[in-house]
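[1] generate coordinates for the sequence data below:
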Amino acid sequence: MAVIASHIQNYLERSSWIRKMFETGAELKSRHGAEAVCDFSLGNPDLAPPEEVFSALEQLTRRDQRFGYMPNSGYPETREALAAFLTKEQGAAVEAQDVVLTCGAAGALNSVFRAVLEPGDEVLCPAPFFVEYAFYAENFGGRLCPVSSRAEDFSLDMDAMARAIGPKTRVVLINSPHNPTGRVYAAEELRALAEILTVKSRTFGRDILLISDEPYRFLTYDGTPVPSLLPLYPFTVVVSSFSKSLGLAGERIGYALVNPAMPDKQNLLAGLVLTNRILGFVNAPALGQRLAQQALGARVDVSVYFRRRQAMAEVLKGAGISFFMPQGAFYFFPQAPGGDDLAFVRVLQEELVLAVPGKGFGFPGYFRLAFCVDESIIRRSAPGFKKAAAVFG
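    Numbers count the residues shown, from 1 in each chain. The predicted structure is shown next:
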């Protein structure tokens, strides 16, 4: 008899292509040496935290500090500081009570889903999508329902979204700046989506929740703005983290922000505090909360990502590979030469270049590159991309 549950066995078989490629990379590095492999598989930020984080760490070494339990929603003073920061960022009057500190954005999403999903409820999201979304929804009896974006620029297909929303739709989940495409949804797109959700909520007699996953909000290019959803739709929850902006991915510190304008928001907030506890998170990491509080408004050196983005674009152009220029985040999602993303990624591996097939993001025919690696690695990959693309030329 198997030790693990049958659905977990199924999850293992469906498990993330990102992790599979990471494991493949480890094997290739062991055989050929780490310097020989150009690994673009994992979105693991490599930049050092800003100086404000290190200053906060020095303060936390004082022997009078305590790191015990606090309210499940987080330290009151951290929530106060975060609320003031989010008021400016989101263009809405946020109060401390509107924010729950969580174990990363993933912890926030799981806490929200646990609080709002009934068995059989549907979570709609644009495809391509971050693969873990499906598992998060299924954790609580929900079902992820991807809706294809427009392939030319990965904008939202409003007609398709409207058709997909039905009586079982409980949540629409978007991610902007977007992983894996680098798309930033424009204000007119978000207004149109809000109008659709307003009509559909009225039609089906239940308020459809709009969740905006925003860990890359800080990282955009060419002056591209990231519009706030809070003024557009009252039933919005923003989830985010400091993993990328402060270089604290391993510290697991994030938050859920419930729209201050949401009717009966206290009920949802009480539910989030409860689910944050009963899921076993109990509270967000004490050290992470203190670090984030002291470093609010700071960020890693984003100029590094600007240079890497340009380098990656030059490499892809040199190989004749078609791509959408990312407006934010640190990913490219180019078209796979020949149209078969699995085949192209396999050929890339032969050139010691690692990418993730679009199939892993619910969007075959494309592949993802995470350019959160040293620029020298990006430049070094150019011959491999050219050779791999030529196979399908």
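
[2] from now on I want contacts and neighbour counts done on CA atoms only, so please keep to that.
    Will do.

[3] so residue 359 makes contact with residue 341?
    Yes - because the distance of 7.3 Å satisfies C-alpha atoms under 8 Å, residue 359 is recorded as touching residue 341.

[4] spit out the residues that contact the two alike.
    Counting by C-alpha atoms under 8 Å, 6 or more residues apart in numbering, the residues touching both residue 359 and residue 341 are 365-367.

[5] re the thing from before, higher neighbour count, residue 359 and residue 341?
    Set side by side, residue 359 and residue 341 show unequal neighbour counts under other C-alpha atoms under 10 Å, the larger going to residue 341 at 25 against 18.

[6] give me the pLDDT for the more buried one.
    pLDDT, residue 341: 97.

[7] next: residue 18.
    Residue 18 carries a pLDDT value of 67.

[8] again, but for residue 1
    According to the prediction, residue 1 has pLDDT 49.

[9] which residues touch residue 150?
    Contacts of residue 150 were listed using C-alpha under 8 Å, 6+ apart, and they are 156-157.

[10] surely it forms part of a helix?
    No - the assignment for residue 150 (DSSP: H, G, I helix; E, B strand; the rest coil) gives coil, which keeps it out of a helix.

[11] related to what we said a few turns ago, pick the one among the shared contacts of residue 359 and residue 341 closest to residue 195.
    Each of those was checked against residue 195 using C-alpha to C-alpha; the closest is residue 366, at 30.8 Å.

[12] any idea how many residues pack against the closest one?
    The local packing of residue 366 (other C-alpha under 10 Å) involves 29 other residues.

[13] isn't it right up against residue 357?
    Yes - assessed by C-alpha under 8 Å, residue 366 is found in contact with residue 357 at 6.4 Å.

[14] what do the two both touch?
    residue 341.

[15] what is the mean pLDDT for the helix or strand encompassing residue 161?
    Mapping residue 161 onto the secondary structure by DSSP states H and E places it in helix 158-164. The predicted model assigns helix 158-164 a mean pLDDT of 97.

[16] what of stretch 251-270?
    The average of the pLDDT scores along stretch 251-270 is 97.

[17] same thing with stretch 309-320?
    In this model, stretch 309-320 has an average pLDDT of 98.

[18] contact partners of that stretch?
    By C-alpha under 8 Å, 6+ apart, the surrounding residues in contact with stretch 309-320 are 322-323, 325, 330, 371, 375, 378-379, 381-382, 385-387, 389-390.

[19] again, 6 Å this time
    The contact list for stretch 309-320 (C-alpha atoms under 6 Å, 6 or more residues apart in numbering) reads 382, 385-386.

[20] who wins on neighbours among those?
    For the contacts of stretch 309-320, neighbours were counted using other C-alpha under 10 Å, and residue 385 has the most, 23 neighbours in all.

[21] tell me the pLDDT of that residue.
    For residue 385, the model assigns a pLDDT of 98.

[22] circling back to that earlier point, elements contacting the helix or strand following the helix holding residue 161?
    Stepping forward along the backbone from helix 158-164, the first helix or strand reached (DSSP H and E) is strand 169-175. Using 3 or more C-alpha pairs under 6 Å, 6 or more residues apart in numbering; DSSP states H and E, the elements in contact with strand 169-175 are strand 122-127, strand 209-213.
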